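Chemist: could you look at this predicted model? Sequence included:
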Amino acid sequence: MRTGTLPVWQKRLFGDLPTAIVTILLAVLMVAALVPILRWGLFNATWNGTTRADCVAGGACWVFIKARFGQFMYGLYPPGERWRADLFFGLIGLTIAAIAFLRGRKRVIALSAITLFFPLIGVWLLGGGYGLEPVETRNWGGLMLTLFMSIYSALIAVPLGILFALGRQSELPVIRIISVIFIEFWRGVPIIAVIFLASLLLPLIMPSGIGVDRLARAVIGLGLVIAAYIAEAVRGGLQALPKGQGEAAAALGLGYWKTTFLITLPQALRIALPAMTNEFISLVKNTTLVLVVSILDLLGIAQASLADPNWVGMNMEAYVFAGAIYWFICFALSRWSRAQERAT
Amino acid sequence: MKLQLLLGSAALLLASAASAQTLVPSPTLDAIKARGHLECGVHLGLPGFSFANDKGEWTGLDVDLCKAVAAAVLGDANKVKYTPTSVQQRWPILQSGQVDLLSRNTTITFSRNASLGVDFQGINFFEGQTFVVRKSVNAKAPKDLDGASICVAAGSTEEKTAADWYRERNLKVTITTFQKNDDAITAYDSGRCDAYTAGFGALAGQRIKLKNPDDHVILNELISNDPQGPVTRYGDDRWQAVVRWTLNGMIAAEALGVTSKNADDMKANSKNAEIRRLLGAEGGFGAMLGLSNDWMLNAIKQVGNYGESYERTLGMGSPLKLPRGPNQLWTKGGLLFTPPFQ
């Protein structure tokens, strides 16, 4: 059989008889799976209208998503104040742009400014005070809250994780033991248990009146667990470095801190980036666990809106929509990480 | 703890004997007045009972009770902040004082009352297991389902309750089990069974998922007893009385024909002594609880009587169209009852 003249894709898909059969079978399966999905989500779907009564086509009722779009994005955030959440989204966009487009010195300055000011500005924008109408965290929700929890847990997790990764490599036994205990403890407890403990047990133990915000407790809990994972990822990076790097730095007369921050850590972080991205992606998805303590993140608000008698039964629409957003965030994260790996 | 409670109650007894005018201290009530809003724990989302509508406002039968209590205590039904609670979270949130009141579709049971340090303040919904059947089947009560097939989730309480109920009565039914609740109701909808079984209130939310909800009817007679009501912590008796009598007041208002529309007029013109006491025209009842005498007038004007609240959230004024069933007044064949305002 002469296949040499065929284009590569033909050779790969229809190279010989078994390959061709498998290809055709898979194609048939894909079409068989796709057709009903497309029919439901696209061809027979209803896009225009205001109530469920408008959804007569038999397919997806995207009217529901339209009516609830504000809540999916902002939760129960007061409609008049939602521009603040938009600004928050904008800030995230700016940060991504800064990472993507700036290079060299400009990038370092921009990123340091962002790391320094973003956390404070974000909390101020969403929470209010100092000239803005205060909005309690119980009214936060939707995509805004999912992003908030992901970013702020990561902001806790990354520095802590790096610190404990370094601590685990330390030559001082006390620091090493503390680091090992921290990492092994937080890596060993299920996230859902941490969220439960943080939100249910803490208030019972603490004297009444001293209430740490429910959302803050969840974010800190998540941050601590992820910190342990990040620490292990960074440790992997540190161990992958050739010993010569540290020794060369020492030979040049650099002390511990200079060696760490100028020579070993930057290289280790680069090596650890894929593993850390993995943690970030699972963090985004793990934020949904706060549903057990009734914090209305994107998935929570999707579930809660299914209880409105006007929209009961729109499960598919709600979950497909929320799922698509999660998928998009995680996919973007993984693409971003790939791009970073290639850039270095 | 026990000694403290005992001493405390002894002291209270003495105090009330010494002066009937002195109010029993109520830290909860003081805290609510000081902060200016009621903290109410509600269900995260249950059709008809508690959910956030398209505008983001909490709505439902259980939410209405929070609103009524806020209106009674603070004069404004909107002065409530809601904490949505999951099923695991509800007790710790109440026990740790994060909410003043839990109005969350919670079944009243002995062991909860006795072991969780919580008290139930009356019944705002008589829940119990019943059936949804096609109108064409012409069944009026569970016993009419003799020989019928029933769809239910495998291993659920509902399966056991239904099986026991029919066995006890020597009626033959075929119970068809499914892995999940959703599968069971889908099977019922596609005609595999004559009936599907769940709680009376829960069925309201499930019936509208069916292809043609109007072709199905929910039976009024219940085969199990799971009454639900508002919950408070142990230890603040005056606050508990406020919650209990606000609920009673809503029921009394319906029984006496007082509605959100006619409440002002009734207060001014009614000759009925109980109505006058309820609405604060005489008797000074609000003051006895440390509230304004307009407490129930405010609650009824802003939230409505029990019937108005029910029809708006679960009943004919809502998409759920759940009949009153056992939640009808005792004078009209239901179980809903209140002691008198005397």
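Modeler: Yep, it's here. Residues are numbered from 1 along each chain as shown, chains lettered A, B, ... in the order given.

Chemist: from here on, just use CA atoms for contacts and neighbour counts.
Modeler: OK.

Chemist: can you give me phi and psi for the spatially most central residue of chain A?
Modeler: Closest residue to the average C-alpha location of chain A: residue A:284 at 2.7 Å, with CA atoms, centre = their mean. Reported as degrees, to the nearest 10, the phi and psi values for residue A:284 are phi -60, psi -40.

Chemist: name the nearest residue to it, sequence neighbours excluded.
Modeler: Distance criterion CA to CA, 6 or more residues apart in numbering or on different chains; nearest residue to residue A:284, sequence neighbours excluded, is residue A:150 at 5.4 Å.

Chemist: bridged to residue 132, which residues?
Modeler: If you meant another chain, say so; for now it's chain A. Using DSSP bridges, the bridge partners assigned to residue A:132 are residue A:129.

Chemist: my question was about chain B, not that one.
Modeler: residue B:196, residue B:218.

Chemist: ok so, going back, buried ones in the helix or strand containing the residue nearest to residue A:284?
Modeler: Residue A:150 is part of helix A:142-169, with elements assigned from DSSP states H and E. Counting neighbours by 16 or more other CA atoms under 10 Å in any protein chain shown, one finds that the buried residues in helix A:142-169 are A:142-154, A:156-158, A:160-169.

Chemist: show me where the stretch 51-200 of chain B has its strands.
Modeler: B:51-52, B:58-59, B:80-85, B:101-102, B:118-120, B:125-127, B:129-134, B:149-153, B:174-178, B:195-199 (DSSP state E, counting those that start in this stretch).

Chemist: just these: most buried one?
Modeler: Counting by mean count of other CA atoms under 10 Å in any protein chain shown, strand B:101-102 has the highest mean neighbour count of the strands of the stretch 51-200 of chain B, with a mean of 28.

Chemist: re earlier: does anything pack onto the helix holding residue A:150? Which helices or strands?
Modeler: Contacting helix A:142-169 under the criterion 3 or more CA pairs under 8 Å, 6 or more residues apart in numbering or on different chains; DSSP states H and E are the following elements: helix A:62-74, helix A:173-188, helix A:214-240, helix A:265-286, helix A:298-305.

Chemist: just to revisit the earlier point, which ones are touching the residue nearest to the centre of chain A?
Modeler: A:146-147, A:150, A:326, A:330 (CA atoms under 8 Å, 6 or more residues apart in numbering or on different chains).

Chemist: which one of those is nearest residue B:291?
Modeler: When these are ranked by distance to residue B:291 (CA to CA), residue A:146 comes first, at 42.0 Å.

Chemist: ok, now which ones touch the closest one?
Modeler: So, once contact is read as CA under 8 Å, 6+ apart, residue A:146 ends up touching A:284, A:287-288, A:297-298.

Chemist: where does the stretch 1-150 of chain B dip in pLDDT?
Modeler: Applying pLDDT under 70 to the stretch 1-150 of chain B flags the ranges B:1-21.

Chemist: show me where it has its helices.
Modeler: Assigned helices in the stretch 1-150 of chain B, in chain order: B:2-18, B:27-35, B:61-74, B:90-95, B:110-115 (criterion: DSSP state H, counting those that start in this stretch).

Chemist: which positions in the helix-or-strand element of chain A with minimal mean pLDDT come out as buried?
Modeler: Least confident element among the helices and strands of chain A, by mean pLDDT, DSSP states H and E: helix A:202-205 (a mean of 76). Residues A:202-203 are the ones in helix A:202-205 that count as buried (16+ other CA under 10 Å).

Chemist: tell me which other helices or strands that helix touches.
Modeler: Under the contact definition 3+ CA pairs under 8 Å, 6+ apart, helix A:202-205 sits against no other helix or strand.

Chemist: alpha carbons of it, as PDB, please.
Modeler: Listed next in PDB are the C-alpha coordinates belonging to helix A:202-205 (Å, rounded to 0.1, in the frame of the first residue of the first chain):
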ATOM      1  CA  LEU A 202     -14.100  29.000  65.400                       C
ATOM      2  CA  PRO A 203     -17.200  31.100  66.300                       C
ATOM      3  CA  LEU A 204     -18.100  28.600  69.000                       C
ATOM      4  CA  ILE A 205     -14.700  28.700  70.600                       C
END
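
Chemist: can you list contacts of the longest helix anywhere in chain B?
Modeler: Here the longest helix in chain B is taken by residue count, with DSSP state H as the criterion, and it is helix B:237-256. With CA under 8 Å, 6+ apart as the contact definition, helix B:237-256 has outside contacts at B:24-26, B:28-29, B:65, B:68-69, B:72, B:121-122, B:124, B:230, B:232, B:259, B:275, B:278, B:289, B:296, B:299-300, B:304-307, B:329, B:331, B:336-341.

Chemist: can you give me how far that helix is from the chain middle?
Modeler: Centroid displacement of helix B:237-256 relative to its chain, using CA atoms, centre = their mean, to the nearest Å, is 12 Å.

Chemist: which parts of chain B sit against chain A?
Modeler: Within chain B, the positions lying close to chain A (CA under 8 Å from any CA of the partner chain) are B:44-48, B:50-54, B:56, B:83-86, B:88-89, B:92-93, B:95-97, B:205, B:208-209, B:318-320.

Chemist: circling back: which one among the contacts of residue A:284 gets closest to residue A:262?
Modeler: Minimum distance to residue A:262 across the contacts of residue A:284 is 28.3 Å, recorded for residue A:150 (CA to CA).

Chemist: which parts of the stretch 51-200 of chain A sit against chain B?
Modeler: A:67-68, A:71, A:75-76, A:138, A:200.

Chemist: now do 6 Å
Modeler: For the stretch 51-200 of chain A, the residues in contact with chain B (CA under 6 Å from any CA of the partner chain) are A:76, A:200.

Chemist: pop the domain breakdown of the chain in here.
Modeler: You didn't pick a chain, so chain A it is. Each domain of chain A is listed here as a residue range: A:8-43, A:71-77+A:135-343, per automatic domain parsing.

Chemist: actually chain B
Modeler: Following automatic domain parsing, one gets these domains for chain B: B:23-126+B:227-332, B:129-224.

Chemist: pick out the residue of the stretch 101-250 of chain A closest to chain B.
Modeler: Taking CA to the nearest CA as the measure, the stretch 101-250 of chain A has residue A:204 as its residue closest to chain B, at 5.2 Å.

Chemist: spit out the contact partners of that residue.
Modeler: Contacts for residue A:204 (CA atoms under 6 Å, 6 or more residues apart in numbering or on different chains) come out as residue B:96.

Chemist: what's stretch A:39-55 in contact with?
Modeler: A:57, A:59-63.

Chemist: report how many residues lie close to residue 187.
Modeler: I'll assume chain A. Residue A:187 has 19 neighbouring residues, counting by other CA atoms under 10 Å in any protein chain shown.

Chemist: that's the wrong chain, I meant chain B
Modeler: The burial count assigned to residue B:187 is 21, neighbours taken as other CA under 10 Å.

Chemist: over to residue B:219?
Modeler: 20.

Chemist: show me what contacts it?
Modeler: Residues B:131, B:141 are the ones in contact with residue B:219 under the rule CA under 6 Å, 6+ apart.

Chemist: again with the one 5 residues further on
Modeler: Counting by CA under 6 Å, 6+ apart, residue B:224 touches B:128-129.
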